[in-house]
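[1] Fold the following for me, if possible:
(2 chains)
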Amino acid sequence: KQEVTQIPAALSVPEGENLVLNCSFTDSAIYNLQWFRQDPGKGLTSLLLIQSSQREQTSGRLNASLDKSSGRSTLYIAASQPGDSATYLCAAQNSGNTPLVFGKGTRLSVIA
Amino acid sequence: EAGVVQSPRYKIIEKKQPVAFWCNPISGHNTLYWYLQNLGQGPELLIRYENEEAVDDSQLPKDRFSAERLKGVDSTLKIQPAELGDSAVYLCASSLGGASHEQYFGPGTRLTVT
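    Numbers count the residues shown, from 1 in each chain, chains lettered A, B, ... in the order given. Next up is the predicted model:
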C-alpha cells in the first residue's frame, strides 16, 4: 500500500529565501506524482505533475523533481514571496486506475 | 474556462440528519472524484466516476453514503444519516478521460455535524 510522507509539517522562512519541500513515498512503482497548493478554506490548486518517465517539471519559480529509485520528490520554490504562504501537498498515483495518495502537507509561511 | 463548481460551500446540520453535496466538473472532463479531507490531513478518495459509471467506490461507507452521476456530468454525494465524525471538507475533482490525467479540484464543501 502506497504511503506518502511530507517533511517538515510546517516551515517559516523570510521573504526572498529559496526553499525546498520534501515528499517521500513507499512504493517506487509510481505512475505520476502531483504537487498541489491549498490556501486556507479553499480547494486544491494543481502546481506540477511529473510523469514516471520524467525527472522534473518547472513552472515559473517552482521546480519539482522526482527520484523514483529513492522514493522522493522535492518542490523547490525560488525567491519566496508572502503570497506563497499556503499548505503544499504532494500526491502519488501508482497506476492509471488507482487513486491519488496524498501526504499530510507542509504548511509554509513566508514572512515579509 | 470555469473550474470545478461545488455547492453549498458550507453546511451545518444536526446528527442523524441527511445532507447532499453537488458538483459540476470542468466541461469535457469525463472523470469525476469525490474526496474527504479531515483537518490537517490530505484528501482521501471516496469514489471515482468514469462518465456515469462508478469505477472505484471501495472507500465509500456504503451504509450511509451514496453518490450518483446520472448523465455523466454533474454529481451528487449524499450522507444519510450524518454522524459527528462526518464533519470534514468534501472535495470534488475532475480530469480528462482516464484516471492518469491532472486533477482539478473544486473549493470544497465544509460540513459541520453538531
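
[2] Where does chain A get nearest to chain B, which residue?
    residue A:102 (2.7 Å; Cβ to the nearest Cβ). (C-beta placed from N, C-alpha, C; glycine too.)

[3] contacting residues for that residue?
    A:4, A:89, A:90, A:91, B:41, B:42, B:43, B:44 (Cβ atoms under 8 Å, 6 or more residues apart in numbering or on different chains).

[4] for residue 48, what are its contacts?
    Since you didn't name a chain, this refers to chain A. A:34, A:35, A:57, A:58, A:59, A:62, A:64, A:75.

[5] I was thinking of chain B, sorry if that wasn't clear
    With Cβ under 8 Å, 6+ apart, residue B:48 has these contacts: A:99, B:31, B:32, B:33, B:54, B:55, B:56, B:57, B:99.

[6] For it, which non-adjacent residue is spatially closest?
    residue B:56 (4.3 Å; Cβ to Cβ, 6 or more residues apart in numbering or on different chains).

[7] Show me which of the contacts of residue A:102 is closest to residue B:94.
    residue B:43 (13.9 Å; Cβ to Cβ).

[8] Which pLDDT value belongs to the residue most central in space within chain B?
    For chain B, the residue nearest the mean C-alpha position is residue B:34 (3.1 Å; Cα atoms, centre = their mean). Residue B:34 is assigned a predicted lDDT (pLDDT) of 96.

[9] That one: helix or strand, and which one exactly?
    Using DSSP states H and E, residue B:34 sits in strand B:31-37.
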